[in-house]
Each structure stands twice: as C-alpha cells, then as structure tokens.
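Engineer: Predicted model and sequence below, questions to follow.
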Amino acid sequence: MDNHIHPWLRRLWAAAFIISIGILLASLPAYVNRWLGGEQGWSGLVITRLGDWLGVILSLSAVLLSLTLACLLYIKKAEEPMALFLSFYLLMYGIALSGPLEALTTFWIPQIPSLGTLIQQGLFFPFTLALFLIFPCGKFTPRWTRWLLLLIVSISVLVLILDPVGMQSVNSTSSNIVSGIFGAFFLFALGNQFFRYRRLYTPIERQQTKWVVYGFLLWTMMLTLISIPYYYLLNLPVGAPTPWWTSLGEAGWWLTLNIIPIAFTLAIMRSRLWDIDVITVERWCMMG
C-alpha cells in the first residue's frame, strides 16, 4: 500500500472510531435498562438477574477490549497495511458483534428488531473472511482468493436486498442457505490458513498466526455448544414458559465474544504481532 493513500485511510479510521464511540454511547441506555431488570424489575428470579448482569458485563468487556486493541494497533502501526486492517476489524467486531449495535437498534428502533442482526451479517462475514485470506502478511495468497472475497461481499449485498425479511429469521430458507454458503467459504479460508501455516510460514509467522486461528476455533466450538439450548428455545411451543436458564445461556454467548479480542491480545503480547508487517517474508507473499 502506497504511503499517499494513508491520509485517506487515517480519515476513514477516525470516522469509523467516532461512529463506534457514538454507537457505544447511544447503546448505554439499553445496557442500563437490562442491568436494572427492564420490565421484570427486581422481582425476577435471582438466576435470571444474575444472567442479565453477566451478559452486560461480558458484552461491555468484549467491546472495551476490542476498541482498546484497535486504538493501540492504530497508534503504533497505522502505517502498516495488515495492522491497520486489524484495527478496522476490531472496531467492527467490538461495535457490530459484541453488543452495542444490537442494543442500540433494539432500544431505539424496536419497530425493526432484527436491524442490528442484518448489519452484523453484512459486516462480520466479509471482514472475517478477508482477515483469514490476508493474515498475516496483508496480501491475498494465492492471489486468486481476492475474487473469493468479492464473491462473498456480492452474495451478502444481494441477499440483503432480495430477502431482508427472510434474513431476519434464523429458520428461514434463505437464512439457512446463506449460512451454509458462508460456512463453506470460512472452511475454505481456514483450510487455506492451515496450508500456508504448514508450507509457507516462517517460525515467527506461525507464532503470529496460531493464537488468532486457535481463538477462532475455540470461538466456533463454543458457539456450537451454545447453539444447542438456543435452538431448543426457538422451537418451544407458543405460550410455553421460558426456562429459568435462558439468561445464563445468553450470558454464554457474550462470554464467547471475549475470545477473539483475547486471542489478538495474546498474539500481540506474546508473538511479536506488533511486527506483523516488518518481519513478513515476501517469498511466499508473491506466490499464487
């Protein structure tokens, strides 16, 4: 990336950071409402209130950790493409996926309860796929994988335009089809990472990568376990009482969201991730 592009990227990052802080501040009333108990007040079950409190704490911890790491990467390594992309990614992860965006839309725009989910899908899948395709050198290897990213972005936009209502339901046909397509793309990107890890990476690059990849694998496994009670709740008969453990299950979701920023923290502190672009060997970045 040429240096003359950096001023525009810096302005874009500054705008993204300001928007992120604005969304976080606007979401605080929703967090306060959940902390105080919402409609159920203090009369709810102790276990339910405990789950609500844990959810608030874990969500905000993932947000603050992500935004802090994003700022540190920007301050220390803004001139390096991969570090700058990671900074953008963590801004997106902290705000769009870790709770504030969903809390904001649910609290202030209750007429469109799934708006936050739609935006999450539109941002998270392309950003994460791009991360797996270019990490750690900041280049697509093989080069043709850039077209894979273009394809996933096109699919995201097309589905959101053609069937926004269907995408709001986890049990709809379009939602299931898109989830399957995205899952296949992620498996390919993960396999590509493992191939480069074994065949192309230097020892230092392997250290840089392992914490991030292991973090995503752990995150995926925990999401799979959490999805079991989630789908059980979705299939409860209409009017059936809500199980007492529902709020604890939701807290488990917020717990998983801390895994990715913690994985990046370990990679940065223990595996020289600050030098992510400096020590990358161009011999394999030019392949493909």
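Structural biologist: Done, it's in. Computed from a prediction, not measured in an experiment: that's the story for all the values here.

Engineer: Show me which positions of stretch 232-245 end up buried.
Structural biologist: By 16 or more other Cβ atoms under 10 Å, stretch 232-245 has no buried positions at all. Using the backbone N, CA and C atoms, a C-beta is placed for each residue, glycine as well.

Engineer: Could you work out the end-to-end span of that stretch for me?
Structural biologist: 12 Å (Cα to Cα, to the nearest Å).

Engineer: Next one: residue 159 relative to residue 242, how far apart?
Structural biologist: 31 Å (Cβ to Cβ, to the nearest Å).

Engineer: Same question for residue 133.
Structural biologist: Residue 133 is 41 Å from residue 242, by Cβ to Cβ.

Engineer: just the CA coordinates of stretch 71-78, formatted as PDB?
Structural biologist: Taking Å, rounded to 0.1, in the frame of the first residue of the first chain, the C-alpha atoms of stretch 71-78 are listed here in PDB:
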ATOM      1  CA  CYS A  71      -6.600   2.100  19.200                       C
ATOM      2  CA  LEU A  72      -3.200   0.500  20.100                       C
ATOM      3  CA  LEU A  73      -2.700  -1.000  16.700                       C
ATOM      4  CA  TYR A  74      -3.600   2.300  15.000                       C
ATOM      5  CA  ILE A  75      -1.300   4.300  17.300                       C
ATOM      6  CA  LYS A  76       1.700   2.000  17.000                       C
ATOM      7  CA  LYS A  77       1.400   0.600  13.400                       C
ATOM      8  CA  ALA A  78      -1.100   2.700  11.400                       C
END
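
Engineer: And the closest residue to residue 266 other than its chain neighbours, how close does it get to residue 106?
Structural biologist: Distances taken as Cβ to Cβ, 6 or more residues apart in numbering place residue 211 nearest to residue 266, at 4.5 Å, with adjacent residues excluded. Note on residue 211: its distance to residue 106, by Cβ to Cβ, is 33 Å.

Engineer: In this structure the residue nearest to residue 266 contacts residue 267, no?
Structural biologist: Yes - counting by Cβ atoms under 8 Å, residue 211 does reach residue 267; the two are 3.9 Å apart.

Engineer: Those two: who's more crowded?
Structural biologist: residue 267 (24 against 20; other Cβ atoms under 10 Å).

Engineer: And the contacts of stretch 119-134?
Structural biologist: 82, 85-86, 88-89, 92-93, 96-97, 101-102, 105, 140-141, 145-146, 148-149, 152-153, 156-157, 160, 167, 178, 182, 185-186, 189-190, 192-193, 216 (Cβ atoms under 8 Å, 6 or more residues apart in numbering).

Engineer: Now that you've got those residues, can you turn the buried subset into something I can paste into ChimeraX?
Structural biologist: To isolate the buried ones among the contacts of stretch 119-134 in ChimeraX, judged by 16+ other Cβ under 10 Å, type:
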select :82,85,86,88,89,92,93,96,97,101,102,105,140,141,145,146,148,149,152,153,156,167,178,182,185,186,189,192,193,216
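
Engineer: Narrow the contacts of stretch 119-134 to those in helices?
Structural biologist: By the criterion of DSSP state H, membership of those in helices covers 82, 85-86, 88-89, 92, 101-102, 105, 145-146, 148-149, 152-153, 156-157, 160, 178, 182, 185-186, 189-190, 192-193, 216.

Engineer: With adjacent residues omitted, what lies nearest to the most centrally placed residue in the chain?
Structural biologist: Against the mean C-alpha coordinate of the chain, by Cα atoms, centre = their mean, the closest residue is residue 93 at 4.0 Å. Using Cβ to Cβ, 6+ apart and skipping residues adjacent in sequence, the residue nearest residue 93 is residue 66, 5.1 Å away.
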